[in-house]
Each structure stands twice: as C-alpha cells, then as structure tokens.
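Engineer: Have a look at this prediction, sequence included:
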Amino acid sequence: DAKTTQPNSMESNEEEPVHLPCNHSTISGTDYIHWYRQLPSQGPEYVIHGLTSNVNNRMASLAIAEDRKSSTLILHRATLRDAAVYYCILVQGAQKLVFGQGTRLTINP
Amino acid sequence: GAVVSQHPSRVICKSGTSVKIECRSLDFQATTMFWYRQFPKKSLMLMATSNEGSKATYEQGVEKDKFLINHASLTLSTLTVTSAHPEDSSFYICSARGGGRGGTGELFFGEGSRLTVL
C-alpha cells in the first residue's frame, strides 16, 4: 500500500483557516487521495477526495500538488467541531482503505 | 447521504463468551464491507474485507476463527468475536463503499461498537 506522511498534531484558532499537509511521494498514477476525519468515540467521516485537480465541497478544499506527491486539506474557517483526527489515505480503485496515524487537530476558542 | 449503522454501540461481556456486531448499509447496497478495530489513541487497523456471498478476506495476523465474518446480504455484514478475552476489548468499526466512478466513491463508516470483555 502506498504510504502517506502527516504531522502528528496541529493546532489552530477558531474561525481561522487550517491547512493540513500530507506527503505521498510514492503515489501511483491511479491512486486517489482521500481525506477522512474521526471525532472522539465515533467512526471516521468522509471529508473529500481527488485525483489530480483541486476539489472543493461544503466541508473543505483539497489542493493537490502538480506532481501529486503532496496534498493539503484546507478548512476555510475552523470551528470547534472541526477538532478531530484527520487521515490522508491513498486509494486505488475499489481497494481497501489503510489508515495511517493521521493528524490530531486542536482548535482553540 | 448514505448511512452505515452498527449495533450494538456498546457491549460488555464475560470472558469466554461470543459477541456479534452487526453492520448495516441503510440506503444503499454494499457488496463489500470492511471491518476495523481501533485501540485507544491509535489509528484504525483493517481486520478483514467482507464480500457478499463469499468468504471474507482477512488481513495478515487476524485470526479468522476468532473473528467470524458473515456477509449474507447486500445490506448486512456481521462480525462475531468468539470466545472473547480481555485483550479483544476494542472499538470495532465497519464501513461500506458508496457509489462513485470506478469504485472510488467515499467510504461510509458505522458509529463503531465498543467491546469490553471482563
């Protein structure tokens, strides 16, 4: 499985943008970049995914580097409810999702 | 959006008993479901891939006789922890893949089931 590298933790303030980085230097051409987040004592929640182009949805934006070896999840205006562990995962086709350690995001009021 | 439901959300059992956890896709059909376990402050660890109408595919190191998986219909997969021991205490999470081109649709996760074995 292709690996991703994320910082263990990040901290930001409420109502400010948050940029969560992910490195995936061994990504293959058919790997999709998925982001999920997990709140305490809950199952993970889908956030966004993309292949090559930047993606936007109601939750976040995904910026993918031109060489696809890294990506950044952008929360435009963080709220306290965005505090969670964020996972960046490479997915090929309908294959299983293998989770790394993720980034624990803390939002300060 | 699509919902995956797990039951029970919490279960406490005595050592040596078996516990069944159900995972249902509520508004879509899931030919494939995935089972994970998670220890406190750790990431999710994939246990097995559950395929409707066929045997589950287990990850290396996961005992298939210990963790029985049955995917009898397109909306239900069950995980049975047999002869549970305290070290089986964990947070078990199921997931199912939604639609999407080329099968790359988002994965929907259940709420998780916290098993405590006394």
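Structural biologist: Arrived safely. Residues are numbered from 1 along each chain as shown, chains lettered A, B, ... in the order given.
Engineer: alpha carbons only for contacts and neighbour counts from here, please
Structural biologist: Will do.
Engineer: what about residue 95, how many residues close to it?
Structural biologist: Just going to use chain A. By the criterion of other Cα atoms under 10 Å in any protein chain shown, residue A:95 has 14 neighbours.
Engineer: Sorry, I should have been clearer: chain B.
Structural biologist: Neighbour tally, residue B:95, other Cα under 10 Å: 30.
Engineer: Now it: closest residue in space that isn't a chain neighbour?
Structural biologist: What sits nearest to residue B:95 in space, not counting adjacent residues and going by Cα to Cα, 6 or more residues apart in numbering or on different chains, is residue B:109, at 4.2 Å.
Engineer: Check what pLDDT residue 16 gets.
Structural biologist: Just so you know, I chose chain A. On pLDDT, residue A:16 comes in at 96.
Engineer: my bad, the chain I had in mind was chain B
Structural biologist: Residue B:16 carries a pLDDT value of 97.
Engineer: Quick check: the nearest residue to it once chain neighbours are set aside vs chain A, distance?
Structural biologist: Spatial nearest neighbour of residue B:16, excluding adjacent residues (Cα to Cα, 6+ apart): residue B:83 at 4.2 Å. Between residue B:83 and chain A the distance is 25 Å, computed by Cα to the nearest Cα, to the nearest Å.
Engineer: same deal with residue B:60?
Structural biologist: Here the distance between residue B:60 and chain A works out to 13 Å (Cα to the nearest Cα).
Engineer: Tell me the secondary structure at that residue.
Structural biologist: coil (DSSP: H, G, I helix; E, B strand; the rest coil).
Engineer: hang on, the earlier thing: give the full set of residues in contact with the residue nearest to residue B:95.
Structural biologist: A:43-45, B:3-5, B:93-96 (Cα atoms under 8 Å, 6 or more residues apart in numbering or on different chains).
Engineer: try 10 Å this time
Structural biologist: Each residue near residue B:109 by Cα atoms under 10 Å, 6 or more residues apart in numbering or on different chains is listed here: A:42-46, B:2-6, B:23, B:25, B:33-36, B:93-97.
Engineer: for it, phi and psi?
Structural biologist: phi -110, psi 150 (degrees, to the nearest 10).
Engineer: Quick check: it vs residue B:63, distance?
Structural biologist: 23 Å (Cα to Cα, to the nearest Å).
Engineer: what about chain A, any weak spots by pLDDT?
Structural biologist: Across chain A, the ranges flagged by pLDDT under 70 are A:1-2, A:94.
Engineer: and it, which residues reach chain B?
Structural biologist: A:31-36, A:38, A:40-50, A:85, A:87, A:91-102 (Cα under 10 Å from any Cα of the partner chain).
Engineer: Make a PyMOL selection of the buried ones in those.
Structural biologist: Per 16 or more other Cα atoms under 10 Å in any protein chain shown, the buried members of these correspond to this PyMOL selection:
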select buried, chain A and resi 31+32+33+34+35+36+38+42+43+44+45+46+47+48+49+50+85+87+91+92+94+96+97+98+99+100+101+102
